[in-house]
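Engineer: Take a look and give me a structure for this.
(2 chains)
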Amino acid sequence: MLKGHLDMIVLAALASGSAHGYAVIEEIKRRSGGAFDLPEGTIYPALHRLEQAGLLKSTWTTADSGRRRRVYTLTRTGNRALVERRAVWKQFSDAVGGLLGGSRPRETPA
Amino acid sequence: MIPDYLESLVRELDFDRSLSRCVRQEVEDHLWEAVAADSTGNMLEAQRRAIANFGDARAIAAQFAVVSLAQRTRRAGIAAVLVIAGDLIAMKARVAWYAAAQWGISDDMKALRGLVILIDRYAFLTSVIVGLGALAYIHTREIPAAFYPAFRRQLRCFSLLCSAAAAALVVSVISDGVLTALQVQGMEPSVEIWVAILTMAIEIACAGFLVFHIRSNTRRAESAAALLKA
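Structural biologist: Here you go, the predicted structure:
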(Lines give C-alpha, C1' and ligand atoms only; values in the text may rest on other atoms or scores of the structure.)
Protein backbone atom coordinates (compact mmCIF):
# COMPACT_ATOMS: atom_id res chain seq x y z
CA MET A 1 0.00 0.00 0.00
CA LEU A 2 2.84 2.37 0.92
CA LYS A 3 4.45 1.80 -2.47
CA GLY A 4 1.37 3.14 -4.24
CA HIS A 5 1.62 6.40 -2.30
CA LEU A 6 5.39 6.77 -2.27
CA ASP A 7 5.37 9.62 -4.81
CA MET A 8 2.86 11.61 -2.75
CA ILE A 9 4.86 10.97 0.44
CA VAL A 10 8.10 12.16 -1.18
CA LEU A 11 6.41 15.27 -2.60
CA ALA A 12 4.92 16.03 0.81
CA ALA A 13 8.31 15.63 2.50
CA LEU A 14 9.77 18.18 0.08
CA ALA A 15 6.89 20.64 0.49
CA SER A 16 8.63 22.34 3.41
CA GLY A 17 11.77 23.04 1.37
CA SER A 18 14.67 21.66 -0.65
CA ALA A 19 16.41 18.60 0.72
CA HIS A 20 18.79 15.81 -0.26
CA GLY A 21 17.81 12.12 -0.22
CA TYR A 22 18.88 11.40 3.35
CA ALA A 23 17.04 14.47 4.66
CA VAL A 24 13.89 13.45 2.72
CA ILE A 25 13.97 10.05 4.43
CA GLU A 26 14.52 11.63 7.85
CA GLU A 27 11.62 14.03 7.21
CA ILE A 28 9.34 11.13 6.23
CA LYS A 29 10.33 9.24 9.39
CA ARG A 30 9.86 12.31 11.59
CA ARG A 31 6.48 13.36 10.18
CA SER A 32 5.07 9.83 10.08
CA GLY A 33 6.30 9.07 13.59
CA GLY A 34 8.47 6.29 12.17
CA ALA A 35 5.41 4.47 10.79
CA PHE A 36 6.88 4.00 7.31
CA ASP A 37 9.62 1.44 7.42
CA LEU A 38 10.70 1.04 3.82
CA PRO A 39 14.23 0.31 2.56
CA GLU A 40 15.85 3.75 2.37
CA GLY A 41 17.26 3.01 -1.06
CA THR A 42 13.78 2.91 -2.64
CA ILE A 43 13.47 6.69 -2.14
CA TYR A 44 16.19 7.41 -4.71
CA PRO A 45 14.53 5.80 -7.77
CA ALA A 46 11.36 7.64 -6.72
CA LEU A 47 13.24 10.96 -6.56
CA HIS A 48 14.73 10.35 -10.02
CA ARG A 49 11.35 9.36 -11.43
CA LEU A 50 9.66 12.47 -10.02
CA GLU A 51 12.43 14.63 -11.44
CA GLN A 52 11.97 13.07 -14.86
CA ALA A 53 8.26 13.74 -14.63
CA GLY A 54 9.05 17.42 -13.97
CA LEU A 55 7.66 17.39 -10.43
CA LEU A 56 11.09 17.92 -8.87
CA LYS A 57 14.31 19.56 -9.94
CA SER A 58 17.75 18.89 -8.55
CA THR A 59 21.08 20.63 -8.15
CA TRP A 60 24.46 19.32 -7.07
CA THR A 61 26.13 21.02 -4.12
CA THR A 62 29.09 20.25 -1.90
CA ALA A 63 28.24 19.17 1.65
CA ASP A 64 30.24 20.25 4.72
CA SER A 65 31.86 16.81 4.60
CA GLY A 66 33.22 17.71 1.14
CA ARG A 67 31.10 15.06 -0.57
CA ARG A 68 28.95 15.87 -3.63
CA ARG A 69 25.30 16.15 -2.64
CA ARG A 70 22.18 16.20 -4.81
CA VAL A 71 19.49 18.50 -3.47
CA TYR A 72 15.89 18.19 -4.67
CA THR A 73 13.30 20.96 -4.86
CA LEU A 74 9.60 20.82 -5.64
CA THR A 75 8.77 22.51 -8.96
CA ARG A 76 5.59 24.50 -9.60
CA THR A 77 4.14 21.43 -11.36
CA GLY A 78 5.17 19.33 -8.37
CA ASN A 79 3.40 21.71 -6.02
CA ARG A 80 0.22 21.51 -8.10
CA ALA A 81 0.46 17.70 -8.21
CA LEU A 82 0.84 17.61 -4.43
CA VAL A 83 -2.23 19.81 -3.91
CA GLU A 84 -4.26 17.54 -6.23
CA ARG A 85 -3.06 14.34 -4.55
CA ARG A 86 -3.74 15.78 -1.11
CA ALA A 87 -7.33 16.57 -2.12
CA VAL A 88 -7.86 13.07 -3.56
CA TRP A 89 -6.33 11.51 -0.44
CA LYS A 90 -8.53 13.63 1.85
CA GLN A 91 -11.62 12.57 -0.05
CA PHE A 92 -10.58 8.91 0.10
CA SER A 93 -9.62 9.11 3.78
CA ASP A 94 -12.94 10.81 4.70
CA ALA A 95 -14.87 8.16 2.78
CA VAL A 96 -13.03 5.23 4.39
CA GLY A 97 -13.23 6.94 7.79
CA GLY A 98 -16.97 7.34 7.32
CA LEU A 99 -17.34 3.69 6.39
CA LEU A 100 -15.26 2.35 9.25
CA GLY A 101 -16.45 4.84 11.85
CA GLY A 102 -20.08 4.59 10.78
CA SER A 103 -20.46 8.35 10.25
CA ARG A 104 -21.26 9.97 6.88
CA PRO A 105 -18.32 11.67 5.20
CA ARG A 106 -18.61 15.43 4.92
CA GLU A 107 -20.24 16.52 1.67
CA THR A 108 -17.80 18.43 -0.49
CA PRO A 109 -19.23 21.16 -2.76
CA ALA A 110 -19.17 20.16 -6.44
CA MET B 1 32.24 -2.12 3.69
CA ILE B 2 30.54 0.93 2.09
CA PRO B 3 32.95 1.05 -0.88
CA ASP B 4 32.20 -2.65 -1.57
CA TYR B 5 28.47 -2.00 -1.46
CA LEU B 6 28.86 0.99 -3.81
CA GLU B 7 30.90 -1.12 -6.21
CA SER B 8 28.19 -3.79 -6.28
CA LEU B 9 25.54 -1.13 -6.92
CA VAL B 10 27.60 0.36 -9.76
CA ARG B 11 28.01 -3.13 -11.28
CA GLU B 12 24.24 -3.66 -11.16
CA LEU B 13 23.68 -0.28 -12.81
CA ASP B 14 26.13 -1.07 -15.61
CA PHE B 15 23.33 -0.76 -18.21
CA ASP B 16 23.44 3.05 -17.79
CA ARG B 17 26.92 4.43 -17.07
CA SER B 18 25.97 8.07 -16.47
CA LEU B 19 23.14 7.05 -14.13
CA SER B 20 25.46 4.69 -12.28
CA ARG B 21 28.04 7.47 -11.69
CA CYS B 22 25.37 9.84 -10.45
CA VAL B 23 23.67 7.25 -8.21
CA ARG B 24 27.02 6.22 -6.74
CA GLN B 25 27.70 9.77 -5.53
CA GLU B 26 24.21 10.15 -4.11
CA VAL B 27 24.25 6.81 -2.32
CA GLU B 28 27.78 7.36 -1.00
CA ASP B 29 26.68 10.65 0.54
CA HIS B 30 23.61 8.96 2.03
CA LEU B 31 25.50 6.02 3.56
CA TRP B 32 28.26 8.11 5.14
CA GLU B 33 25.68 10.50 6.54
CA ALA B 34 23.82 7.54 8.04
CA VAL B 35 27.10 6.30 9.55
CA ALA B 36 27.79 9.75 11.01
CA ALA B 37 24.31 9.83 12.54
CA ASP B 38 24.71 6.38 14.11
CA SER B 39 24.97 6.60 17.88
CA THR B 40 26.61 3.21 18.55
CA GLY B 41 30.12 4.55 18.05
CA ASN B 42 31.14 1.31 16.34
CA MET B 43 32.20 2.25 12.82
CA LEU B 44 31.87 -1.21 11.27
CA GLU B 45 28.49 -1.83 12.89
CA ALA B 46 27.27 1.61 11.78
CA GLN B 47 28.29 0.85 8.18
CA ARG B 48 26.61 -2.54 8.29
CA ARG B 49 23.42 -0.98 9.64
CA ALA B 50 23.46 1.84 7.06
CA ILE B 51 23.79 -0.70 4.22
CA ALA B 52 21.09 -2.97 5.66
CA ASN B 53 18.69 -0.02 6.00
CA PHE B 54 19.45 1.09 2.46
CA GLY B 55 18.41 -2.22 0.96
CA ASP B 56 19.60 -4.83 -1.51
CA ALA B 57 21.73 -3.32 -4.31
CA ARG B 58 20.12 -5.51 -6.98
CA ALA B 59 16.57 -4.57 -5.93
CA ILE B 60 17.43 -0.87 -5.99
CA ALA B 61 19.17 -1.21 -9.37
CA ALA B 62 16.02 -2.88 -10.72
CA GLN B 63 13.96 0.15 -9.70
CA PHE B 64 16.50 2.45 -11.34
CA ALA B 65 16.34 0.31 -14.48
CA VAL B 66 12.71 1.34 -14.96
CA VAL B 67 13.60 5.03 -14.55
CA SER B 68 16.53 4.66 -16.94
CA LEU B 69 14.42 2.84 -19.54
CA ALA B 70 11.72 5.49 -19.38
CA GLN B 71 14.30 8.26 -19.75
CA ARG B 72 16.01 6.58 -22.68
CA THR B 73 12.80 5.95 -24.55
CA ARG B 74 11.81 9.61 -24.12
CA ARG B 75 15.20 10.70 -25.43
CA ALA B 76 14.88 8.26 -28.33
CA GLY B 77 11.55 9.88 -29.26
CA ILE B 78 13.16 13.33 -29.33
CA ALA B 79 16.16 11.96 -31.27
CA ALA B 80 13.84 10.41 -33.87
CA VAL B 81 12.07 13.71 -34.50
CA LEU B 82 15.36 15.67 -34.63
CA VAL B 83 16.84 13.17 -37.09
CA ILE B 84 13.78 13.44 -39.34
CA ALA B 85 14.05 17.25 -39.15
CA GLY B 86 17.76 17.02 -40.05
CA ASP B 87 16.88 14.86 -43.02
CA LEU B 88 14.28 17.40 -44.17
CA ILE B 89 16.81 20.26 -43.97
CA ALA B 90 19.35 18.30 -46.07
CA MET B 91 16.63 17.43 -48.58
CA LYS B 92 15.41 21.02 -48.89
CA ALA B 93 18.99 22.33 -49.17
CA ARG B 94 19.67 20.00 -52.10
CA VAL B 95 16.45 20.93 -53.90
CA ALA B 96 17.27 24.65 -53.39
CA TRP B 97 20.74 23.98 -54.78
CA TYR B 98 19.28 22.33 -57.89
CA ALA B 99 17.04 25.37 -58.40
CA ALA B 100 19.91 27.81 -57.91
CA ALA B 101 22.18 25.88 -60.29
CA GLN B 102 19.25 25.51 -62.73
CA TRP B 103 19.82 21.82 -63.12
CA GLY B 104 17.39 20.03 -65.36
CA ILE B 105 16.78 16.37 -66.10
CA SER B 106 16.52 14.60 -69.42
CA ASP B 107 12.97 14.05 -70.77
CA ASP B 108 13.22 10.24 -70.86
CA MET B 109 13.93 10.21 -67.12
CA LYS B 110 11.07 12.49 -66.13
CA ALA B 111 8.47 9.69 -65.74
CA LEU B 112 10.75 7.67 -63.48
CA ARG B 113 11.64 10.81 -61.52
CA GLY B 114 7.93 11.57 -60.98
CA LEU B 115 7.33 8.07 -59.59
CA VAL B 116 10.34 8.24 -57.25
CA ILE B 117 9.31 11.70 -56.02
CA LEU B 118 5.87 10.30 -55.18
CA ILE B 119 7.39 7.41 -53.20
CA ASP B 120 9.81 9.82 -51.50
CA ARG B 121 7.06 12.26 -50.53
CA TYR B 122 4.76 9.64 -49.00
CA ALA B 123 7.59 7.77 -47.27
CA PHE B 124 8.88 10.98 -45.71
CA LEU B 125 5.38 12.10 -44.70
CA THR B 126 4.85 8.69 -43.06
CA SER B 127 8.11 8.99 -41.13
CA VAL B 128 7.14 12.49 -39.89
CA ILE B 129 3.63 11.45 -38.78
CA VAL B 130 4.75 8.19 -37.17
CA GLY B 131 7.82 9.83 -35.56
CA LEU B 132 5.72 12.62 -34.04
CA GLY B 133 3.16 10.02 -32.98
CA ALA B 134 5.88 8.01 -31.19
CA LEU B 135 7.13 11.14 -29.42
CA ALA B 136 3.62 12.20 -28.34
CA TYR B 137 2.82 8.63 -27.25
CA ILE B 138 5.83 8.21 -24.98
CA HIS B 139 5.66 11.72 -23.50
CA THR B 140 2.04 11.34 -22.46
CA ARG B 141 2.70 8.11 -20.48
CA GLU B 142 3.47 8.22 -16.78
CA ILE B 143 6.80 6.84 -15.61
CA PRO B 144 5.91 3.73 -13.59
CA ALA B 145 7.47 2.77 -10.28
CA ALA B 146 8.09 -0.82 -11.43
CA PHE B 147 8.37 -2.87 -14.61
CA TYR B 148 4.62 -3.44 -14.88
CA PRO B 149 3.20 -5.33 -17.91
CA ALA B 150 1.59 -2.05 -19.05
CA PHE B 151 5.03 -0.41 -19.18
CA ARG B 152 6.37 -3.36 -21.16
CA ARG B 153 3.52 -2.89 -23.65
CA GLN B 154 4.27 0.85 -23.86
CA LEU B 155 7.93 0.15 -24.65
CA ARG B 156 6.98 -2.39 -27.30
CA CYS B 157 4.49 -0.01 -28.89
CA PHE B 158 7.01 2.86 -28.86
CA SER B 159 9.69 0.65 -30.35
CA LEU B 160 7.32 -0.42 -33.14
CA LEU B 161 6.40 3.19 -33.92
CA CYS B 162 10.06 4.26 -33.99
CA SER B 163 10.99 1.30 -36.20
CA ALA B 164 8.16 2.18 -38.59
CA ALA B 165 9.31 5.83 -38.70
CA ALA B 166 12.90 4.71 -39.31
CA ALA B 167 11.83 2.29 -42.07
CA ALA B 168 9.82 5.02 -43.81
CA LEU B 169 12.79 7.39 -43.48
CA VAL B 170 15.13 4.80 -45.01
CA VAL B 171 12.74 4.41 -47.98
CA SER B 172 12.69 8.21 -48.35
CA VAL B 173 16.51 8.40 -48.22
CA ILE B 174 16.83 5.60 -50.83
CA SER B 175 14.37 7.49 -53.05
CA ASP B 176 16.45 10.65 -52.59
CA GLY B 177 19.54 8.65 -53.53
CA VAL B 178 17.85 7.51 -56.74
CA LEU B 179 16.74 11.08 -57.51
CA THR B 180 20.25 12.42 -56.88
CA ALA B 181 21.72 9.71 -59.14
CA LEU B 182 19.25 10.66 -61.89
CA GLN B 183 20.13 14.31 -61.46
CA VAL B 184 23.92 13.97 -61.56
CA GLN B 185 24.28 11.14 -64.06
CA GLY B 186 26.54 11.94 -66.98
CA MET B 187 27.82 15.14 -65.38
CA GLU B 188 31.48 15.95 -65.01
CA PRO B 189 32.80 15.96 -61.40
CA SER B 190 32.40 19.51 -60.09
CA VAL B 191 31.66 21.49 -56.91
CA GLU B 192 27.96 21.41 -57.82
CA ILE B 193 27.91 17.60 -57.78
CA TRP B 194 29.75 17.48 -54.46
CA VAL B 195 27.08 19.69 -52.84
CA ALA B 196 24.41 17.20 -53.94
CA ILE B 197 26.50 14.26 -52.71
CA LEU B 198 27.23 15.99 -49.39
CA THR B 199 23.53 16.63 -48.65
CA MET B 200 22.84 13.02 -49.61
CA ALA B 201 25.55 11.85 -47.19
CA ILE B 202 23.92 13.92 -44.42
CA GLU B 203 20.60 12.22 -45.14
CA ILE B 204 22.19 8.75 -45.04
CA ALA B 205 23.98 9.63 -41.78
CA CYS B 206 20.67 10.82 -40.25
CA ALA B 207 18.84 7.62 -41.20
CA GLY B 208 21.80 5.49 -40.07
CA PHE B 209 21.93 7.29 -36.73
CA LEU B 210 18.22 6.70 -36.17
CA VAL B 211 18.49 2.97 -36.95
CA PHE B 212 21.58 2.66 -34.71
CA HIS B 213 19.86 4.58 -31.90
CA ILE B 214 16.76 2.37 -32.02
CA ARG B 215 18.93 -0.75 -32.05
CA SER B 216 21.06 0.33 -29.11
CA ASN B 217 17.96 1.42 -27.21
CA THR B 218 16.36 -1.98 -27.77
CA ARG B 219 19.52 -3.71 -26.52
CA ARG B 220 19.62 -1.57 -23.38
CA ALA B 221 15.94 -2.27 -22.79
CA GLU B 222 16.62 -5.99 -23.09
CA SER B 223 19.54 -5.87 -20.65
CA ALA B 224 17.52 -3.81 -18.16
CA ALA B 225 14.56 -6.16 -18.56
CA ALA B 226 16.87 -9.12 -17.85
CA LEU B 227 17.93 -7.43 -14.60
CA LEU B 228 14.30 -6.93 -13.64
CA LYS B 229 13.41 -10.56 -14.39
CA ALA B 230 16.33 -11.98 -12.37
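Engineer: Now do the same contact list for the residue lying closest to residue A:74 once chain neighbours are set aside.
Structural biologist: Distance criterion Cβ to Cβ, 6 or more residues apart in numbering or on different chains; nearest residue to residue A:74, sequence neighbours excluded, is residue A:14 at 4.8 Å. C-beta here means a position set from N, CA and C on the backbone, and glycine is covered the same way. Taking Cβ atoms under 8 Å, 6 or more residues apart in numbering or on different chains, we find residue A:14 in contact with A:24, A:56, A:72-74, A:78.
Engineer: cool, residue B:91 as well?
Structural biologist: The contact partners of residue B:91, by Cβ under 8 Å, 6+ apart, come to B:124, B:176, B:199, B:203.
Engineer: tell me the SS of the last one?
Structural biologist: Think residue B:203. helix (DSSP: H, G, I helix; E, B strand; the rest coil).
Engineer: now the strands: where do they sit in the chain?
Structural biologist: Since you didn't name a chain, this refers to chain A. Using DSSP state E, the strands of chain A run over A:19-20, A:56-62, A:68-74.
Engineer: repeat for chain B
Structural biologist: Per DSSP E, chain B has no strands. Nothing in it meets that criterion.
Engineer: which residues are there in chain A that come within reach of chain B?
Structural biologist: Contact residues, chain A versus chain B (Cβ under 8 Å from any Cβ of the partner chain): A:3, A:6-7, A:20-22, A:39-42, A:44-46, A:48-49, A:52-53, A:63, A:65, A:67-70.
Engineer: Could you find the closest non-adjacent residue to the residue of chain A found nearest chain B?
Structural biologist: Residue of chain A nearest chain B, by Cβ to the nearest Cβ: residue A:39 (3.0 Å). Leaving aside its sequence neighbours, residue A:39 sits nearest to residue B:55 (Cβ to Cβ, 6+ apart; 3.0 Å).
Engineer: which one of the contacts of residue B:91 sits closest to chain A?
Structural biologist: Within the contacts of residue B:91, the smallest distance to chain A is 31.4 Å, found for residue B:124 (Cβ to the nearest Cβ).
Engineer: dump the residue contacts of the closest one.
Structural biologist: Counted by Cβ under 8 Å, 6+ apart, residue B:124 has contacts B:87-88, B:91, B:168-169, B:172.
Engineer: hmm, back to that, just put the contacts of residue B:91 in a markdown table and tack on distance to residue B:81 and pLDDT.
Structural biologist: A markdown table is the format used below for the contacts of residue B:91 (distance: Cβ to Cβ, whole Å; pLDDT from 0 to 100):
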| residue | distance to residue B:81 | pLDDT |
| --- | --- | --- |
| B:124 | 13 | 95 |
| B:176 | 19 | 92 |
| B:199 | 20 | 90 |
| B:203 | 16 | 91 |
